Structure formats: C-alpha cells, structure tokens
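Undergrad: sequence-free structure coming up:
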C-alpha cells in the first residue's frame, strides 16, 4: 500500500511512527498544521484583494451601478479608495493595512470597516455560539439513541427528520418560524419579537436587558439549531455504530454493567472524539447559517452587515467581512486539527 | 465479482461456432448498453473484441446496480419525484401561458388568498403563485444542474490529476483543494456574484467554483485505489500513455462514484442557488424559487401572513433537494456494499 499513498499521507505515517518512539513527531505535526493555516490565511488575504479590486475591473463602477453619478464624484471616489494608484502600490497599501488591522473605509457608512465589524462581532458570537451548543447537545443525544438501537423506529424517525431538515433552506425555515411565532398565524398569537436584538421600551437595568436579549434570541437560535444539528447527529450515529462491535464494550457488558452505564461511561466518550473536533470544522457552516438567519430576523451581526453591504454594494465592507469570516474559519480549522490529534492519538493526520 | 468474470471464462472455453452471436455482432455495443436482453445470448458468444466484452460487463454491472437500487424504496421515491418535477418543468411552456408572468398583465389583487381562480393565491403584483412556482422550477433546476456539472467537472479533473501524477503536482493541487474546503463557500460565492455582472451565468459560476473541493478529495481517494490495481500496472508495462491510462482505465473505475456524488452535489447546488437568489444576487428578470422568497420577504408577505406565497417555493426546494439526497444515498449504497444493511 505504501506506494499508493500520497505525500501528505505518507508524511502522516512517518510522523505517527516517530510520535510513538519520541516527541519529535508531535512538534512537526503542529508545525506543519500551523504552516498550512498560515498559507491559507495568506491565500485569503490575496483572494480578498483579487476578488474586490482586480476582478470587477473598475470597482467604483460596480459600487455606483444603477445610480446617477457625475464624473467628478467618480474621480473623487477613485481617489478616496486609492484606485488611481498603480496596482502594485494598491496591493502594498492593502497588505500593510490588513496586517495592521486596517480594513479600509466603508463606502456606505463612511466609517472604518474594522470598527463596523467590531460592533457587529459579539451579536454573531452570541447567536452562533448558543446555537452551536444547543445543536451539539441535541445532535449527540439523538445520534446516541439512534445508534444504540439502530434499525428501531426511533432511529428511522430521527434519521428521516435530520435528512429532511438538512434539505430545508435556512432562510425559508427562518421565514416560516418568523411568520408563525413572531407575526402569528390563525389561532397562534405572535409571541416573539420580529427582529432586532433589543426592544426600545425595555426598562433600565441589567436583568431586564438580559431577558430582553434572550427573548429576541429565541427564534433565530431555534432556526439555526434546526439547520445544523443534523450534522452532529449523523456523525455521532455513525461513529457510535463504528464503536458498537468493539471488544471493550463486550468486556464491560461481561463485567455485568448495566446497559446505560456501558453506553454512557464506555461507548459514548470514545465515539464523541470525532464529534468534538467536528464542532470546529463546521464553523464554515455556522457562518453561512448566520448570514441567512441574521438577514431574516434583522439580528445586528456580521451576517446582516454582509447582507446590507450587498445591496449597495459596499465593496470595502464586503472585502473586510470576507477576510474576517474566512480568516476565522481558517483559524478554527487549525484548532480542530490540533484537537483531533490531541484528543485521539489513534487518529492519523489526513 | 464472480459474475463479471463469467464472460471472459466463456471466451476462453469457447470452441463452439458463434452461431447466434454472429447475428448480434453488428450491434454488440448497443447490446452492451441494453443489458437485460443481450446478456444471456452474449455470454455464449465466442469471438468478441475486448471492447465488446468490456461493454457487456458494464451493462451487466449496470443491470445489477439497477436491481439493487430498485430494492431501496427511499431512493426509488426520490427518483420518481425527480422524474415528475423534471417533466413538469420541461412541459411548462406547453401547459401554461407565460404571459401570466408579466407584471403589467396581472389583473388580480395583490396577495390574494387561494381561490378557485388562483389555486395558490397571488403575489404582490397579482400574479398567480402557482404559475410562478411552476416556472421557477425551471431556473432553479437549470442552475442547480449546470453548477453541478461545472463543480463535478473541476473536482474530477483536480482529483484525477492529483492522484495520477502524485508528487509536487498532487501536493500543490491538494493544498488548493484544502484551502477551498476551509473557506466558507457561501461567503466566497457571495463575493464572486457581487463583483460579477448579475445573471444566471454568474450564479452558476459562483456555485461551480466554490463547490468542487469535496468531489476532488473523493475522486483523488478513489483514483488512488484504482491505480493500485494490477491491470493499471499491466497497461503501464505495455507502454500506455497518461492520456490512455486516465481515459480508458482510471476514469471508468472512478466515474460510478462521481455519479453518486453528482446527485448529492445537485442537492446542495439547488440550495445554494436559492440562497444566492434570496440574497438578491440572482438575475432580477428571472423567476426562481429563491427570488420568489426574496420578494415575499421584501414586500411584507411574511408580516402580512401570506402563507400561500411562502410555502410553494419553499416546499419546491425541499422536495427537489430531498429527492436528490435520497437518490444519492441509495446510489452510494449500491456502489459501496459496506454501507448495505446499515
């Protein structure tokens, strides 16, 4: 088999055998993963420049598409964004700007892009974070029950529901949830706010504020959970099914342990390893989900910021959100790779 | 495996005159393509070229696969649903009047609830939601299929090249693949369709250029497995070039998997199309399911409780995506016997 393995995989093999004999393999593994992540970040930054400055031909024309703009205004815009400079100088300015954390000035808001992103960062973390936690818990629970009694009616129903929800576009589910539970349909009254993160009439104080935000969080959070939990459920189910025939489970049962103890103490912790790292790998999915959910529920996060920038279109702002969102996913991917190795030494790098 | 071997066994032991085979020899290739009828007579035949034997084998494998696919109810349901939807979408110009899509010719009130005249109610311009959904299926399916062809094409090319040539080529191609795998594809697709001119072509390009990495990884793994087989070594020893090796030996071994992957890829391409249209990045002059839902949100159909405007396009997307997913899963089970019985 060794001759058919690609370089990356044989590298993993070599590291593995070294890892068993000494500590050098782990250092090399971590170094190679960090190098890979840095390469990806460099590519993200290059792509950010290429996509928004080179591909459109004339970015100012893209931004002012469909508007009556005088030639003087266009000239002024070109100067403001540095588009009158030669391309290599634009690139250097952009590169050093990004490295300093300066992402340019928004065309629409006339404010630094980094300030806008910093403002909208925490609402997204709150929404995506709480949705991820709930989705992981739900997915692990459903996946475990499915696998433990696979082939049962519960298993078939749960798998069917997961497949169906996976086929539902996030934004459509959001619109339905919004119409049913926020606006109200027929006998169902509107119980939740239709959008935003706070109401204007909240009494002052920390506790009313927290409750108000939580009230606004319910519907967007449920929508996101419904979309992403299926992934964890399917992975938990298949990884527990892989474990089911293992000898240590037979041993545990032979010791006379109760069935649910065998499941909770022995099988599930082992099957959880892939799921835990998957949380970080799925961040790209969470980001996409957040863009749609925030758009539907007017949740003031990075997703809504992106959506609002699309309408203008505000190229500097879109460029900034692209770099931040893609960069965050690259970073979380690195965390996943390192965790994978750290949590489960059996797993080879691939 | 034992069954696919039988034609060549027959070939070795065939001393008997090719009586019945002679009549069929003119249509050997077609015989391979129509597996059920040609197979019993064909295997008795003695003097056939290697090409004909290969085709007959492929035909047999196909018949076996079809029988295995047929035994899976969910996959069959998906296939029938797809056939019905595709037929309706193709027949739309024959069965309906496209002038009903014209805003200026609409006569009904805005957001009229379902009635005998408008079975699914009307939109914000007084157009029939049924007609819009029907015609929207055409764009949604067309973009989904075209984007899949593009992404699976790129993915297969990259995967086969990376596995076949190995070394530096493979390392570079897989580095690029990993990068595209990591970067959130929706964010990239949004960026692409913002800067390019609005239109159906841009959406196809944006989805196709961002969705290929999973196919590339799958194809690379499968190509590595195929290239380890002895007949590849034999072909190499006989002096086969890269083009011949890939075209005649590697691709036939990889394509079934690509095909199963394609049906799953269409499902995500249809979702991606509706998402981009919903964000307002689609062609504003074309009716698609995503664009319908965008106007439903923008014109207050949601806050007005106009469920009849919201449900049809959404259920359309869910049905198509679910049908493709069920087909894809059934195909995977057919092609990967290890999954059977799960």
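TA: Cool, the structure landed. It should be emphasised that the depicted structure is a prediction, and the values quoted were computed from it without experimental measurement.

Undergrad: any weak-confidence spans in chain A?
TA: A:1-24, A:344-350 (pLDDT under 70).

Undergrad: same thing with the stretch 1-150 of chain B?
TA: Low-confidence segments of the stretch 1-150 of chain B (pLDDT under 70): B:1-47, B:103, B:106, B:108, B:111, B:116.

Undergrad: ok, for the residue of it found nearest chain A, nearest residue in space, not its chain neighbours?
TA: In the stretch 1-150 of chain B, no residue comes nearer to chain A than residue B:74, which is 8.8 Å away by Cβ to the nearest Cβ. To be clear about C-beta, it is placed using only N, CA and C from the backbone, and glycine gets the same treatment. Nearest residue to residue B:74, sequence neighbours excluded (Cβ to Cβ, 6 or more residues apart in numbering or on different chains): residue B:326, at 4.8 Å.

Undergrad: secondary structure class for the one you found?
TA: Of the three states, residue B:326 takes helix according to DSSP: H, G, I helix; E, B strand; the rest coil.

Undergrad: and the gap between it and residue A:165?
TA: 14 Å (Cβ to Cβ, to the nearest Å).

Undergrad: so what does the helix or strand hosting residue A:172 touch, helix or strand wise?
TA: Element membership of residue A:172, judged by DSSP states H and E, is helix A:170-177. In this structure, helix A:170-177 packs against helix A:206-244, helix A:283-297, helix B:251-278, helix B:289-298, helix B:307-335, with contacts taken as 3 or more Cβ pairs under 8 Å, 6 or more residues apart in numbering or on different chains; DSSP states H and E.

Undergrad: quick check: angle from that helix to helix A:283-297?
TA: Using axes from the mean of the first three to the mean of the last three Cα atoms, to 10 degrees, the inter-axis angle of helix A:170-177 relative to helix A:283-297 is 40 degrees.

Undergrad: contacting residues around helix A:170-177?
TA: Helix A:170-177 has contacts (Cβ atoms under 8 Å, 6 or more residues apart in numbering or on different chains) with A:165, A:219-220, A:222-224, A:226-227, A:288-289, A:292-293, A:295-297, B:274-275, B:278, B:293, B:296-297, B:302, B:310, B:313-314, B:317-318.

Undergrad: do stretch A:148-166 as well
TA: Under the criterion Cβ under 8 Å, 6+ apart, residues A:142, A:145-147, A:173, A:226-227, A:229-231, A:233-234, A:237, A:240-241, A:263, A:267, B:318, B:322, B:325-326, B:342 lie in contact with stretch A:148-166.

Undergrad: one more time with 7 Å
TA: A:142, A:145-146, A:226-227, A:230, A:233-234, A:241, A:263, B:322, B:325 (Cβ atoms under 7 Å, 6 or more residues apart in numbering or on different chains).

Undergrad: what does stretch B:305-315 give?
TA: Against stretch B:305-315 from outside (Cβ under 7 Å, 6+ apart): A:172, A:175-176, A:179, A:183, A:185, B:111, B:113-114, B:120-121, B:123, B:129, B:133, B:136, B:289, B:292-293, B:296, B:301-302.

Undergrad: and if you look at stretch A:260-277?
TA: The contact list for stretch A:260-277 (Cβ under 7 Å, 6+ apart) reads A:140, A:144, A:148, A:232, A:235-236, A:239-240, A:243, A:248-249, A:252-253, A:336, A:339-340, A:343-344.

Undergrad: near chain B, which residues of the stretch 101-250 of chain A?
TA: For the stretch 101-250 of chain A, the residues in contact with chain B (Cβ under 7 Å from any Cβ of the partner chain) are A:163-164, A:167-169, A:171-172, A:175-176, A:178-179, A:183, A:185, A:194.

Undergrad: of the contacts of stretch B:305-315, select the buried ones using a PyMOL command.
TA: Those of the contacts of stretch B:305-315 that count as buried under 16 or more other Cβ atoms under 10 Å in any protein chain shown are selected in PyMOL with:
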select buried, (chain A and resi 172+175+176+179+183) or (chain B and resi 111+120+121+123+129+133+136+289+292+293+296+301+302)
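
Undergrad: let me see the contact set for the closest residue to residue A:337 other than its chain neighbours.
TA: Spatial nearest neighbour of residue A:337, chain neighbours left out: residue A:33 (4.8 Å); criterion: Cβ to Cβ, 6+ apart. Residues near residue A:33 by Cβ under 7 Å, 6+ apart: A:334, A:337-338.

Undergrad: circling back to that earlier point, and the contacts of stretch A:260-277, which of them are buried?
TA: A:140, A:144, A:148, A:232, A:235-236, A:239-240, A:243, A:249, A:252, A:336, A:339-340.
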